[in-house]
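>>> everything below, folded, please.
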Amino acid sequence: MCVGDGILPPGPLSGAVGGKVKFNTTLSPPTKPFLSVSWTFKGVNIITSTSVNVTSPGHTNRITLDRATGALELRSLVLGDSGEYSVSIIQDGGQQTQGNTTLNVYEDISGASITGSDDVLIEGQSSTNLTCDATGSISTREWMKDGQPLQPSDRVTFFENNRMVSISPVNISDNGQYLCQLSNPFSFAEASYGLAVNYGPGAVTILGPATATVDTLVVLYCSARTFSPAAFTWFFNGLQKDVDEAGYVIEKASYSHSGNYTCRAFNDVIDKHATASYSMQIKGRLAQRDTGSQDRGQQGHQMTPTPTTSRAPGQRAPDAPDTPTTSDAPGQSK
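Presented below is the predicted three-dimensional model:
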């Protein structure tokens, strides 16, 4: 950083393409005008002012000199205006003062993008590079992942002033949204990229009852930890069943459904599978212990029992009234 020798404030100055900038001096207007004021850019004179102003062709209609303080305004900035500027002022008494500073001109950032590999990334096996590019003047590049700054590690390395980030090998934790933010003093842009790392299947589990009752509905459910959707295959006692979903449904359980169930989860993207097994026992219903439940369930059909008494043959029932009897001859009507 160049510092003016008591004439120009500390630099550098910044300007945007198409904009303007003013090089102010620290001098106050003198009682008598300066004898001369001269500005140079990269050692080449751009304006000298004595009794008249002499301006270089490349700066005609682009600069204005404040004769009272020696300040210079530069307009319609282009990238080529970046560089070192010097001023030399000769005061009325012949004293000469000088100063210099630097101007940086920035172009707006546009067209930001992140490019990555088109290959299928597999956990623990693949590597990838993400590259952030844009047009314009880029002062800084910063990387974010899922809203947090992306930090370097033994697997994450930055190159070319953060233009590229390398991840080797990729891990499950690398899945997510990446953001590249680019900036300069006058412009800002960003680009995003979704990174997908394939993994699994792993941690295959079967959920369901260990025992079930005959004639009831039974559902077994298979789950697997995987990035790509898994394809499921079911086996019962070693024989493949015609079920290709996560759920295995038995509409009406019977004793023959007792046995060992196996679920195989398959990731066709990386050609990998994993299995889990589960044992289930089908049992009969418990016998009813409430004998009165049958009578309570027969409402409207309740019957009153008739008492009976045991007696010897020919013996009259006790307390029975004497009733006369009449014997009818065969064929005789009453």
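>>> only C-alpha atoms for contact and neighbour calcs from this point on.
Fine.
>>> mind listing what S88 touches?
Counting by C-alpha atoms under 8 Å, 6 or more residues apart in numbering, S88 touches V37, S38, W39, Q96, T97, Q98, G99.
>>> I should have written Q95 there, sorry.
Q95 makes contact with no residue under the criterion C-alpha under 8 Å, 6+ apart.
>>> and it, what pLDDT?
Per-residue confidence for Q95 comes out at a pLDDT of 90.
>>> cool, and the one 3 residues further on?
For Q98, the pLDDT comes out at 93.
>>> correct me, but T213 touches A253?
Yes - between T213 and A253 there is a contact at 6.9 Å, judged by C-alpha atoms under 8 Å.
>>> strands of the stretch 1-150 of the chain, residue ranges please.
Using DSSP state E, counting those that start in this stretch, the strands assigned to the stretch 1-150 of the chain run over residues 13-16, 21-23, 36-41, 44-49, 53-55, 63-65, 72-74, 83-90, 96-106, 110-115, 121-122, 128-135, 140-145, 148-149.
>>> helices or strands up against the third one?
Contacts of strand 36-41 with other secondary structure elements, assessed using 3 or more C-alpha pairs under 8 Å, 6 or more residues apart in numbering; DSSP states H and E, are made with strand 44-49, strand 83-90.
>>> mean pLDDT and distance to W143 added to the ones you listed, as TSV?
Formatted as TSV, the helices and strands packed on strand 36-41 follow (pLDDT from 0 to 100; distance: least, C-alpha to C-alpha, whole Å):
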stretch	mean pLDDT	distance to W143
strand 44-49	96	41
strand 83-90	95	30
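>>> re the thing from before, nearest to L182 among the strands of the stretch 1-150 of the chain would be which one?
Distances from L182 to each of these were compared by C-alpha to C-alpha, and the smallest falls on strand 140-145, at 4.7 Å.
>>> also compute the angle for the closest one relative to strand 128-135, please.
Orientation of strand 140-145 against strand 128-135 (axes from the mean of the first three to the mean of the last three C-alpha atoms, to 10 degrees) gives an angle of 140 degrees.
>>> may I see the buried residues of strand 140-145?
Of the residues in strand 140-145, those with enough neighbours to count as buried (16 or more other C-alpha atoms under 10 Å) are R141, E142, W143, K145.
>>> stretch 105-120 too?
With burial defined by 16+ other C-alpha under 10 Å, the residues of stretch 105-120 counted as buried are V105, Y106, E107, D108, I109, S110, A112, S113, I114, G116.
>>> just for the chain, where's the confidence low?
Along the chain, segments meeting pLDDT under 70 span 1-6, 287-334.
>>> okay, now the domains of it?
Domain assignment of the chain by automatic domain parsing yields the ranges 13-106, 110-198, 202-283.
>>> can I get those in CSV including distance to I7?
What follows is these, written out as CSV (distance: least, C-alpha to C-alpha, whole Å):
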stretch, distance to I7
domain 13-106, 5
domain 110-198, 25
domain 202-283, 65
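>>> now the helices for the stretch 201-334 of the chain?
Assigned by DSSP state H, counting those that start in this stretch, the stretch 201-334 of the chain shows helices spanning 292-296.
>>> picking that back up, filter the contacts of S88 down to the buried ones.
Among the contacts of S88, those classed as buried by 16+ other C-alpha under 10 Å are V37, S38, W39, Q98, G99.
>>> one step back: so which of the strands of the stretch 1-150 of the chain is nearest D268?
The minimum distance between D268 and the strands of the stretch 1-150 of the chain falls on strand 121-122, with 12.2 Å, by C-alpha to C-alpha.
>>> sheet-wise, list the partners of the closest one with their directions.
Taking DSSP bridges as the criterion, strand 121-122 sits next to strand 197-198 (parallel) in its sheet.
>>> check the offset of the partner strand from the chain's centre.
For strand 197-198, the distance between its averaged C-alpha position and the chain's averaged C-alpha position is 13 Å (C-alpha atoms, centre = their mean, to the nearest Å).
>>> numbering from 22 from now on, please.
All set: I'll call the first residue 22, so the last point we hit is now strand 218-219.
>>> separation between I271 and L307?
In this structure, I271 and L307 are 21 Å apart, going by C-alpha to C-alpha, to the nearest Å.
>>> which of those two has more neighbours?
Between I271 and L307, I271 has the larger neighbour count (other C-alpha atoms under 10 Å), namely 14 against 7.
>>> for the more buried one, give its distance to S277.
Using C-alpha to C-alpha, one gets 11 Å for the distance from I271 to S277.
>>> same deal with G120?
Distance of G120 to S277, given as C-alpha to C-alpha: 99 Å.
>>> please enumerate the strands of the stretch 172-321 of the chain.
For the stretch 172-321 of the chain, the strands defined by DSSP E, counting those that start in this stretch cover 177-180, 185-188, 197-205, 208-216, 218-219, 223-228, 232-234, 239-246, 252-257, 260-261, 268-271, 280-288, 293-304.
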